[in-house]
Structures are given as C-alpha cells and as structure tokens.
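**Student:** Compute the structure for the input listed below.
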Amino acid sequence: KLFKKTESPYMKLRFAYQIIRLAHYAKDFELTLRLYDDLMPKIDRDLSRMEESILPDWILGHKAGALKSLGKNVESSYLFSLIFENCPSRRESSFRSFYIKTDEQWKACEQLCQTDQERAALYALRANASESKAIEEMQKIYEFAPENHHLEVLLVQEILKMEKNLLGLEFNSEKRDNKRNYGIPKAFAGEYVINLQAFARKCAKEKKVTRPI
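**Tutor:** As a prediction, the model looks like this:
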C-alpha cells in the first residue's frame, strides 16, 4: 500500500527493497521473483537515484538468492557475478553464493554475460576459488578486459601463494612438516611461478595494466 501510495521514486526504491527482502526471508521464492519483476520497472531510475544507491544491488541479491533456492544455479550465479563486480558491500556474500559445478553450467553462465567486463568478472570469481590456478583465469580476464581491476589483485594473491610455497625452502627447518601437513610446496609450484612471471612481464610490456607490475 505504501509503495502504491507514495509519489517519491526515492521512497519507492526503499519500499521495494523491504517488500522483496521480506518475501525472500519468508522463503516464498516465486513471490520474490514476481515482486521483483512487478515493482522494479515502476521505479524511475534517475529520480530514485539508483546509480548512487547500493539498494539495486541488494535487491538483485534477493532475486539471485530466490533463483538459487529454486535450483536455477546458472541464472543466479550470473546475477551474483554482477553483484560481485558492482557492489563491494556484497562481494564476499556473492562469492560464497556463486554455485557453478559443471563445465556445461559454466558455459551457460558465460553465455548470459552481455559485455566483456561481465565475462571478466565471471572469471575473477572463479580465480578466487581456494584451489584455483588463477593464472588461467587471469589470462582470460586479460583477453576480455586488459585493464580490469581484478588483475592486479589476483596477481598479488598468486605471488603470496608462491612465496608460501617456495620462499625459504633451503633454510626452512619445518619444510618436511609443511609438506606432510599442508602439502606445500605444491608439485606444480616451480613451473607455475615461471608462468606467472611470464604473464606479469607480458602485461607490463604491453602497458595495459593500471600500474607497472
């Protein structure tokens, strides 16, 4: 009633958030999706100042969560990738909610992307998985969007991983325990660090990174 009554697009956006959020928390996932499709087109983007607000991404998160609960993992994961890219306050929860388990699902999710930046965000999500060899994803991100901001962050992450694997092996008195308890250094670490270095040099040489690596 309040949504229909108010003439303020700014308030309509806030009412829509509360309505959709409550439907999601009530676990009425079909209603959540219907409300999203019904209410969001009725809000003027400019007058509600959507571009300045975090609420559209928070609302989209409830839609994505409803889709996931209904077993629509491809569609929900695509939406979570958008939130991961555009909404830092929901980045961690979007990463945890992203759920793609097969190559077929991954391809279907990638086909939903509308821009190279969206495709890059998808690969950045996969690069952050705990057992990911992120250089493969970094190469795809570089192919889609050479100046993408995820590249530098991922590169630093991979350098830290390789330091943990390889730095100090000659004088590390606990290296046997590290191998037994933590599985480091990984068997692939030596070759991987060479490939990582080559990729970093390629980026720096082509001068398509935000800062020299």
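**Student:** Surely Ile19 is in contact with Lys1?
**Tutor:** No - because the distance of 10.6 Å does not satisfy Cβ atoms under 8 Å, Ile19 is recorded as not touching Lys1. No exception for glycine: its C-beta is placed from N, CA and C like everyone else's.
**Student:** So for the two, which residue has more residues nearby?
**Tutor:** Neighbour count, other Cβ atoms under 10 Å: between Ile19 and Lys1, Ile19 has more, with 20 against 6.
**Student:** phi, psi of Ala129?
**Tutor:** Here is the backbone geometry of Ala129 (degrees, to the nearest 10): phi -60, psi 150.
**Student:** count of residues packed around it?
**Tutor:** If you count neighbours by other Cβ under 10 Å, Ala129 ends up with 12.
**Student:** heads up, I number from 456, so please use that
**Tutor:** Will do, 456 is the new start, and the previous item becomes Ala584.
**Student:** Report the separation between it and Leu490.
**Tutor:** As for Ala584, its distance to Leu490 is 32 Å (criterion: Cβ to Cβ, to the nearest Å).
**Student:** what about the strands in the chain?
**Tutor:** Using DSSP state E, no strands are found in the chain.
**Student:** Tell me where the chain has helices.
**Tutor:** Secondary structure of the chain (DSSP state H): helices located at 457-460, 464-480, 484-494, 510-524, 528-541, 546-552, 558-567, 571-582, 589-599, 605-621, 630-637, 644-661.
**Student:** Would you single out the least confident of those helices?
**Tutor:** Of all the helices of the chain, the minimum mean pLDDT falls on helix 630-637 (a mean of 60).
**Student:** how about JSON lines for the helices of the chain, with distance to Arg500 added?
**Tutor:** Rendered in JSON lines, the data for those read as follows (distance: least, Cβ to Cβ, whole Å):
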{"stretch": "helix 457-460", "distance to Arg500": "16"}
{"stretch": "helix 464-480", "distance to Arg500": "8"}
{"stretch": "helix 484-494", "distance to Arg500": "13"}
{"stretch": "helix 510-524", "distance to Arg500": "9"}
{"stretch": "helix 528-541", "distance to Arg500": "15"}
{"stretch": "helix 546-552", "distance to Arg500": "22"}
{"stretch": "helix 558-567", "distance to Arg500": "22"}
{"stretch": "helix 571-582", "distance to Arg500": "19"}
{"stretch": "helix 589-599", "distance to Arg500": "27"}
{"stretch": "helix 605-621", "distance to Arg500": "27"}
{"stretch": "helix 630-637", "distance to Arg500": "50"}
{"stretch": "helix 644-661", "distance to Arg500": "36"}
